[in-house]
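generate coordinates for the sequence data below:
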Amino acid sequence: MNITQNQLLAGTGRRCINPPPNIAHGGWGAQKHEQAEGIDMDLWVTVLALSDGQTATLLLDIDIQILTNDRADQIRAAVSAATGLAVGNIRASATHTHSGPVPYKSWIERGFEMVGPWFERVADWASEAAREALDNLHAVQVRAGRGECRINANRRAATATGERFLGINPAGTCDHEVLVVKIDSRNGICLATLVNFACHPTVMGPLNRLITPDYPGAMKRVVEEALGGRCFFLQGAAGDQGPVQGFIADAKIYRQLGAVLGHEVARVAISLTSVPTNPIFREVVPSGAPLGMYDADFPALNGVPVRVVDREIVVPLRNGLPEKQAASEKLAQWKTKLNDARERNDAAAITEAIYMARRADIQLRMADDFGGKTSAGVRTHIIAFGDMAFVGCNIEPFAEIGIAIKRKSPFPITFMSGYTNGRMAYLPTAEEWSKGGYEVDNSPFGQDAAKVLEREILIALDSMRGEK
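Numbers count the residues shown, from 1 in each chain. Got it, this is the predicted structure:
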């Protein structure tokens, strides 16, 4: 293909990444099963390739709960080896479905031996999809719009006595914005639709025993049916955002909520090339009534140059982080109690042991990753093309962080995502940090970490916007 200057090229690729149907599953502290019992809807890796003729980048959308830093490195390295692109130009994003294979062993034993080999295959499938995307680059035009969807709510709820739990908090901050970027071929055929929305995919909860992509998978199918092309879901700043119907075991609910979001995405995307933004009057045609004739205007956004930033932003950690030995001993104790409870068939003891083992595992991983440290580097990956910027971090940021970055960004369209190139922990705002609760108690970050991250991301965006 002959590439002219100032021309954006894009291509897509996809592979099904279904695991063995009885792989270690879920990882909820309240579940009783260890292995999945089937697959309700296929899991995908979908890859978008972008190039301006000089710089190329790959964006991977993976239907998976969590990419640990090590797993993200594994997949990015495999894709780099397969395509020749630098690892820094490759972004691996998890949709964060909670009804897929477990990312960590925790208390689960049965089926976990399948997890490592499955990740190896995911890396291979991602590499195949990446090559497909690069082999099918086409000149494109880009449009973007905003919508609103209310399938999400702030999930940091509290009882009348102040006990915090994951539920629905009507008074809490919630980001209902749906950002949509539509990438079309020069003849108007939809190639890709990119969606940014903040909500934990936890419609399917502890009692569910099926592998599903949760609502993001249902959303993608609705959008692709309506528009054609391939749909990409880039999970937003969802650390404190959950679904309005959550923690259930009814597959039709995640399909319905995904459809609600998908139809809003389709509405926004179709309007970008169907509802003129600036109709230009041309003439009056005589008829039974004089008819005004207009030229429709559907302006595209600037899509070049393509720029990529891959860096770590150092943020402060909190005092009093868990100690590895104590956390390790507690996990071992509760796993022993779990085995004993199972032998006695003591349902209440099983429930308690699983819950406590899950919490001990979280503390152990925090000790492993951050013990003895006073600061940590948040992996931050930014892809910008023209007037659009796609920010991703390996954390679970609260919605307030995403809202602030989107509002203050110098790019007219800015996606803010967590779950990118790995996963460290929740990142609460300073205000929410002081309130405690599950996300705060299980975060290693200090009270000012969110402010530091927000400031440094905006500095990076300002610098990228100012480049010639």
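
quick one: Glu224 and Pro279, what's the gap?
Separation of Glu224 from Pro279 (CB to CB, to the nearest Å) stands at 30 Å. Glycine gets a C-beta too; all of them are placed from N, C-alpha and C.

and the two? which has more neighbours close in?
Glu224 (17 against 12; other CB atoms under 10 Å).

helix or strand for that one, which one?
Using DSSP states H and E, Glu224 sits in helix 214-227.

contact partners of the helix or strand following that helix?
Proceeding N to C from helix 214-227, the next assigned helix or strand is strand 230-235, under DSSP H and E. The contact list for strand 230-235 (CB atoms under 8 Å, 6 or more residues apart in numbering) reads 12, 14, 46, 48, 59, 61, 93-96, 191-198, 201, 216, 219-221, 223-224, 265, 390, 392, 415, 417-419.

could you do stretch 198-207 as well?
26, 28-32, 95-99, 151-152, 155, 175, 210, 212-216, 235-238, 241-243, 245-249, 251, 253-254, 257, 399, 402.

any stretches of the stretch 51-200 of the chain with poor pLDDT?
Scanning the stretch 51-200 of the chain for pLDDT under 70 picks out nothing.

ranges for the strands of it?
All strands of the stretch 51-200 of the chain, identified by DSSP state E, counting those that start in this stretch, fall at 56-62, 90-94, 138-148, 152-154, 156-158, 164-166, 177-185, 190-197.

tell me what the third one is packed against?
If I follow you right, that is strand 138-148. Counting contacts by 3 or more CB pairs under 8 Å, 6 or more residues apart in numbering; DSSP states H and E, strand 138-148 packs against strand 9-16, strand 177-185, helix 251-271.

reformat the ones you listed as CSV; add mean neighbour count and distance to Val308.
Listed next are the helices and strands packed on strand 138-148 as CSV, based on neighbours: other CB atoms under 10 Å; distance: least, CB to CB, whole Å:
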stretch, mean neighbour count, distance to Val308
strand 9-16, 20, 15
strand 177-185, 22, 17
helix 251-271, 21, 25
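
as a markdown table, these with distance to Gly205 would be great.
Converted to a markdown table, these look like this (distance: least, CB to CB, whole Å):
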| stretch | distance to Gly205 |
| --- | --- |
| strand 9-16 | 25 |
| strand 177-185 | 24 |
| helix 251-271 | 10 |
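
which one of those lies closest to Val122?
Closest approach to Val122 among those (CB to CB): strand 9-16, 8.9 Å.

hmm, back to that, can I get the strands of the stretch 51-200 of the chain in JSON lines with distance to Glu431?
Formatted as JSON lines, the strands of the stretch 51-200 of the chain follow (distance: least, CB to CB, whole Å):
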{"stretch": "strand 56-62", "distance to Glu431": "31"}
{"stretch": "strand 90-94", "distance to Glu431": "27"}
{"stretch": "strand 138-148", "distance to Glu431": "24"}
{"stretch": "strand 152-154", "distance to Glu431": "13"}
{"stretch": "strand 156-158", "distance to Glu431": "11"}
{"stretch": "strand 164-166", "distance to Glu431": "14"}
{"stretch": "strand 177-185", "distance to Glu431": "20"}
{"stretch": "strand 190-197", "distance to Glu431": "23"}
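
nearest to Leu301, out of those?
Closest to Leu301 of these is strand 138-148 (CB to CB; 5.1 Å).

that older thread, buried residues in the helix holding Glu224?
Going by neighbour count (16 or more other CB atoms under 10 Å), the buried part of helix 214-227 is 214-224, 226-227.

mind checking how far the closest residue to Met204 other than its chain neighbours is from Gln54?
Nearest residue to Met204, sequence neighbours excluded (CB to CB, 6 or more residues apart in numbering): Ser99, at 4.1 Å. Noted for Ser99: a distance of 41 Å to Gln54, by CB to CB.

the two - which one has more neighbours?
Ser99 (29 against 10).

doesn't Ile211 make contact with the more buried one?
Yes: counting by CB atoms under 8 Å, Ser99 does reach Ile211; the two are 6.3 Å apart.

which segments of this structure make up each domain?
9-274+302-318+373-466, 324-370 (automatic domain parsing).

could the ones you listed go into TSV alongside distance to Ala296?
Output for the domains of the chain, formatted as TSV (distance: least, CB to CB, whole Å):
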stretch	distance to Ala296
domain 9-274+302-318+373-466	9
domain 324-370	54
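
shared neighbours of Ser99 and Ile211, which are they?
With CB under 8 Å, 6+ apart as the test, Ser99 and Ile211 both reach His25.

need the next SSE after the longest helix along the chain, C-terminal direction.
Taking DSSP state H as the criterion, the chain has its longest helix at helix 347-370. Per DSSP H and E, the first helix or strand lying C-terminal to helix 347-370 is strand 375-385.

show me how far that next one is from its chain's centre.
How far strand 375-385 lies from its chain's middle: 14 Å, per CA atoms, centre = their mean, to the nearest Å.
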